[in-house]
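Novice: Dropping the sequence and predicted coords here.
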Amino acid sequence: MGLFDKLTGTQRPADGVAPGSAEEVRTALLSLNRPDVPYVIRDGAADDADLMAEWRMAEPAWQTLFIESQLTRAVRIRMRLVQEDYEVRALEEQLEVTRVGNPPRLQISSEYSRGPDRTVSRHWTIERGDSGRLEATETFRFDGAELRSPLRKAVLKAGWTWRGVVFGKL
């Protein structure tokens, strides 16, 4: 892995893994959709991509999680499946998010950036333990990698390269 690959988040499949077809990769990525995960993977034609993965911030069932996380950026990943090279070109985009209204809801603002993102939010409670000493207990955790990691694993398992895109077109 070269320096540029490290900066873009590009990863290649393990040696000996035979690449599947584009349809198999597409099916593997769409199969990651479940009601218990905070993201959705959908057709990306409207966004000039083959597939789009994004947080479920607009869904009422998930709004509490995103408000508690004190999230300041919404991340979405546009993906293009390139059969000739057996790679998924992935463009991570970040949009600024603000809380508005009462009860609070999340709203996308006009700030935009692109490239791999590492958003982690943790909440801790500090209290006295059984020994009488102060102890910190993690009470909440939100990690932006929860969106990228399952996508990348599915692509690598299918024998394709996950190529992060920072500059140029998807």
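Specialist: Looks like it came in fine. Numbers count the residues shown, from 1 in each chain.
Novice: How is residue 42 assigned, secondary-structure-wise?
Specialist: What DSSP: H, G, I helix; E, B strand; the rest coil gives for residue 42 is strand.
Novice: Identify the residue spatially nearest to it, adjacent ones excluded.
Specialist: Nearest residue to residue 42 in three dimensions, chain neighbours excluded: residue 52, at 5.5 Å (CB to CB, 6 or more residues apart in numbering). Where C-beta positions appear, they are placed from N, C-alpha and C, glycine not excepted.
Novice: quick check, the one you found in a strand?
Specialist: Yes: using three-state DSSP, the assignment for residue 52 is a strand.
Novice: how about the CA coordinates for stretch 24-37, as CSV?
Specialist: Taking Å, rounded to 0.1, in the frame of the first residue of the first chain, the C-alpha atoms of stretch 24-37 are listed here in CSV:
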residue,chain,number,x,y,z
GLU,A,24,-22.6,-9.7,-7.0
VAL,A,25,-20.8,-6.7,-5.5
ARG,A,26,-24.0,-4.6,-5.8
THR,A,27,-26.1,-7.4,-4.2
ALA,A,28,-23.5,-7.8,-1.3
LEU,A,29,-23.6,-4.0,-0.6
LEU,A,30,-27.4,-3.8,-0.7
SER,A,31,-27.7,-6.8,1.6
LEU,A,32,-26.1,-4.7,4.3
ASN,A,33,-29.4,-2.8,4.7
ARG,A,34,-31.1,-3.8,7.9
PRO,A,35,-33.6,-2.0,10.1
ASP,A,36,-31.2,-2.1,13.1
VAL,A,37,-28.3,-0.2,11.4
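Novice: Report the mean confidence score over that stretch.
Specialist: Stretch 24-37 shows a mean pLDDT of 94.
Novice: Pull the distance from it to the chain's centre.
Specialist: Its chain's C-alpha centre and that of stretch 24-37 lie 13 Å apart, by CA atoms, centre = their mean, to the nearest Å.
Novice: Next secondary structure after the biggest helix by length in the chain?
Specialist: When the chain is scanned for its longest helix (criterion: DSSP state H), the result is helix 145-157. Once the chain leaves helix 145-157, the next helix or strand it forms, by DSSP states H and E, is strand 161-164.
Novice: check contacts around the residue nearest to residue 156 when sequence neighbours are not counted.
Specialist: Distances taken as CB to CB, 6+ apart place residue 13 nearest to residue 156, at 4.7 Å, with adjacent residues excluded. Counting by CB atoms under 8 Å, 6 or more residues apart in numbering, residue 13 makes contact with 19, 155-161.
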